[in-house]
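Engineer: Give me the fold of what follows.
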Amino acid sequence: MAALVSTSEQAVALDTAMIAKLTQIAGDFAINISIAAIILVVTVFAARWASSATRKGLSRVRGFRHDPTVLSFAVQVVRVLVYLIGFIAVLQRLGVQTTSIIAVLGAASLAVGLALQGTLSNVAAGVMLLILRPYRVGDLVNIGGNVGRVQRLDLFFTQLSDVNNVKIMCPNGKVFGDFILNLSGQGTRRIELKIGVGYGSDLTKAREVLTRAAAAQEAVMPDPAPWAGVTNMLDSAIEITLTAWVTSDAYWQARADVFQAAKEALNAADIEIPFPHQVAVPYGDDDLVMPISGEGVGLRRGRADPRSAGFGPGRDPDDSES
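Structural biologist: Below is the predicted model:
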């Protein structure tokens, strides 16, 4: 009887100890969950504060004060680092051994690197673009045939906005490995127009007319002065190249204005600007007319020479349908 009582007391004591242990574990887990949640919230606010502090700090540096490219890139890097530190702290508070996680990540780094080589190359290219600075936010660039103004440069993409306000996302890896044309990288740009005049035109007069028309435009710079010269002899025209220098910001409107002024000046000087014509040649029936490409416009009535209508020697035009 005494042994039975002793056994019952031991069982009750064991159950009490187990309940107390489970209660302690549950309490510790609740505390850890609460602390982890607090760490997560603090991490979010810390990331915002660190980003703002980084932006303000770099804004005070003379070299970065007016450079949104560096500011946006650095802010994003700081934000990612703060989130990464907070995530590790949360895992450690929940009892996860971060050293083992780091060991696993180190063992799997090769596989991850191969799987994410495109993404990692974009990050590396973004860093190189930030260091080499082939363009800045606000520059007009041509990247892979896409022309637009740089809106931002982040870890993975360069964001452009074209003339139609279409957002273009260019991966940094492709940007760094392709030709980059910075259309606003220089303070001035040269306008180059190729204009054809007739073979019978006075070329000296045509050149003078074109240079005067370009120099009369307000956006055209007086130094270097506009220049015009004969650069080619085409099938039906003499090609004259007209060049003028303008500021990069005024390039597109100035180019259109110079083109219009050149056309109007040539018309006022009675200098011919050749353009394709068609010659209408009748053949067979007088009412049947066949157009043939040429340099004049004319219409002859009556029966035409078969050779002028494109028929071979000895062939009757009336047999053309057979």
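
Engineer: Where do the helices of the stretch 101-250 of the chain begin and end?
Structural biologist: Secondary structure of the stretch 101-250 of the chain (DSSP state H, counting those that start in this stretch): helices at 109-115, 117-132, 172-176, 203-215.

Engineer: Please name every helix or strand in contact with the shortest one.
Structural biologist: So the one you mean is helix 172-176. helix 117-132, strand 157-161 (3 or more Cβ pairs under 8 Å, 6 or more residues apart in numbering; DSSP states H and E). C-betas here are computed from N, CA, C, even on glycine.

Engineer: low-confidence ranges in the stretch 201-322 of the chain?
Structural biologist: In the predicted model, the stretch 201-322 of the chain carries pLDDT under 70 at residues 279, 281, 283-322.

Engineer: let's go with 50 and repeat that
Structural biologist: 295-322 (pLDDT under 50).

Engineer: Please, where are all the strands along it?
Structural biologist: Along the stretch 201-322 of the chain, counting by DSSP state E, counting those that start in this stretch, strands occupy 227-233, 238-247, 277-282, 289-294.

Engineer: rewinding a little: would you reformat the helices of the stretch 101-250 of the chain as CSV and include mean neighbour count and distance to Ile35?
Structural biologist: Below are the helices of the stretch 101-250 of the chain laid out as CSV (neighbours: other Cβ atoms under 10 Å; distance: least, Cβ to Cβ, whole Å):
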stretch, mean neighbour count, distance to Ile35
helix 109-115, 10, 30
helix 117-132, 15, 32
helix 172-176, 21, 38
helix 203-215, 19, 74
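
Engineer: Could you provide the ones you listed in JSON lines, with additional columns for distance to Asp28?
Structural biologist: Output for the helices of the stretch 101-250 of the chain, formatted as JSON lines (distance: least, Cβ to Cβ, whole Å):
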{"stretch": "helix 109-115", "distance to Asp28": "33"}
{"stretch": "helix 117-132", "distance to Asp28": "39"}
{"stretch": "helix 172-176", "distance to Asp28": "46"}
{"stretch": "helix 203-215", "distance to Asp28": "83"}
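
Engineer: Out of the strands of the stretch 201-322 of the chain, which is the most enclosed?
Structural biologist: strand 238-247 (a mean of 20; mean count of other Cβ atoms under 10 Å).

Engineer: Tell me which strands it pairs with, and in which orientation.
Structural biologist: Using DSSP bridges, the strands paired with strand 238-247 in its sheet are strand 188-197 (antiparallel), strand 227-233 (antiparallel).

Engineer: any chance of these in a markdown table, with distance to Gly177 too?
Structural biologist: Output for the strands paired with strand 238-247, formatted as a markdown table (distance: least, Cβ to Cβ, whole Å):
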| stretch | distance to Gly177 |
| --- | --- |
| strand 188-197 | 26 |
| strand 227-233 | 35 |
